[in-house]
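J.: fold the following for me, if possible:
(3 chains)
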Amino acid sequence: MPELPEVETVVRGLRRVLPGHAIVGVRLGKTDFIDDPVALAESLPGRRIGGVQRVGKFIDVELDPSEGPAERAVPLHLIVHLGMTGRLVVCPASDPIPLHTHVFFELDDGRELRYADSRRFGRMLVLPDAMIRAFHGKLGEEPLEIPAAEFRKRLAGRHARIKALLLDQHVLRGIGNIYADESLWKARIHPARSAAGLSAQRLDGLWRAIRDVLQGAIRSRGSSISDFVDAAGKPGEYQLRHRVYGREGEACHRCGSRIRRVIVAGRSSHFCPRCQAPPRSGRKGSGKRPGVRALKMKGQHHARRRATRS
DNA sequence: AGCTCTTCCTGAAAGC
DNA sequence: TGCTTTCAGGAAGAGC
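T.: Numbering: from 1, shown residues only, chains lettered A, B, ... in the order given. The predicted structure follows:
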């Protein structure tokens, strides 16, 4: 799943091979993940690629102005979100076309920038330069750029669960399920704890853990769980260093306890029950912890659904 | 404000 | 073995 480190890895790869080249044509397959496919296909050919940036989990490919009518005289940004299974790869146009490849940007040197996405949870749009500020404004801070004090301020007083806040792209941009779990493990914070219940020291620890985890993951060129590959088609290696994500039932690297998985904020959440103390439940002994839903057991809940609509 | 549920989609894994 | 069901998840929107 492409989160900040994976997107950063793709961006660094694209930055090495795209700038300076022109897009000469666009071919489209399925387009239901593109905001305005017609505009995309019409406005890109003839433009030269400038820089490539990462904005949270979005990839921003800058396109220079081109000759022609007035609307072509402004810079554009091709914005791509990889969703769950999106791949953005540069290769010779003669390479075989993998299944689920839906967008082809033909380059001026015989190569293509291709977008493939089996589940099509990704998103693609074109924005004029003037709208980029507003686009950034809708998102939270970059986790690797936000100062510790600002991070604390953003979370202080929030009663939502810390996991939900880490995943909220309006608070911080770029963190997803893997790195939220890994960071919380490193900071020894249970995912269901309320941000408001965390001391300044704990929040500083979390700020540091997030940086460590994200920077380590970028060094390993991201985590390849199912689909992720970089711009050259190569998988990352950080999945080998996961401490909790995908390790349910295995031993905690710190204390040996079995890693558990519960649903928090609607997301599968992995944690060590010993290192990451659960939130205090209101009444002791109730056995129920607020905000933690048990996983559905196999065989449970069968019937229902299929309420035939006639 | 914040939580849960639903929707989108497909391949893998589990279930029978 | 082989068909069927469930699940995973990023983000947005509905409803409570």
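J.: centre of the chain to stretch A:140-150, how far?
T.: Remark: stretch A:140-150 is offset 17 Å from the chain centroid, using Cα atoms, centre = their mean, to the nearest Å.
J.: count of residues packed around residue A:68?
T.: By the criterion of other Cβ atoms under 10 Å, residue A:68 has 9 neighbours. C-beta coordinates here come from the backbone N, C-alpha and C atoms, glycine included.
J.: mind listing what it touches?
T.: Residues near residue A:68 by Cβ atoms under 8 Å, 6 or more residues apart in numbering: residue A:46.
J.: go on, residue A:162?
T.: Residue A:162 touches A:155, A:184, A:189, A:191, A:192, A:193, A:194, A:195, A:198, A:206, counting by Cβ under 8 Å, 6+ apart.
J.: could you rerun that using 10 Å?
T.: Going by Cβ atoms under 10 Å, 6 or more residues apart in numbering, residue A:162 touches A:155, A:180, A:183-184, A:187, A:189-198, A:202-203, A:206, A:264-265, A:279.
J.: quick one: it from DNA strand B, how far?
T.: 9 Å (Cβ to the nearest atom of the strand, to the nearest Å).
J.: if you look at the contacts of residue A:162, which of them are in helices?
T.: A:155, A:180, A:183, A:184, A:187, A:202, A:203, A:206 (DSSP state H).
J.: would you agree the second one is in contact with residue A:269?
T.: Yes: counting by Cβ atoms under 10 Å, residue A:180 touches residue A:269, with 7.9 Å between them.
J.: what do these two both touch?
T.: A:163, A:167, A:191, A:245.
J.: keep those residues, but drop any that are not near DNA strand C.
T.: Contacts with DNA strand C within the shared contacts of residue A:180 and residue A:269, as defined by Cβ under 7 Å from any atom of the strand: residue A:167.
J.: which one of the shared contacts of residue A:180 and residue A:269 sits closest to residue A:58?
T.: residue A:167 (15.7 Å; Cβ to Cβ).
J.: I figured the closest one hits residue A:183, correct?
T.: No: using Cβ under 10 Å as the test, residue A:167 is too far from residue A:183 to be in contact (11.2 Å).
J.: near DNA strand B, which residues of the stretch 101-250 of chain A show up?
T.: Counting by Cβ under 7 Å from any atom of the strand, the stretch 101-250 of chain A sits next to DNA strand B at A:118, A:119, A:120, A:121, A:158, A:159, A:160, A:161, A:164, A:194, A:226.
J.: weed out the non-buried ones from those.
T.: A:118, A:120, A:158, A:161, A:164, A:194 (16 or more other Cβ atoms under 10 Å).
J.: among these, which pair sits farthest apart?
T.: Taking Cβ to Cβ, no two of these sit farther apart than A:118 and A:194, at 36.8 Å.
J.: state the phi and psi torsions of the nearest residue to residue A:21 once chain neighbours are set aside.
T.: Sequence neighbours aside, residue A:107 is the residue nearest to residue A:21 in space, at 4.9 Å (criterion: Cβ to Cβ, 6 or more residues apart in numbering). Residue A:107 adopts backbone torsions of phi -100, psi 170, taken as degrees, to the nearest 10.
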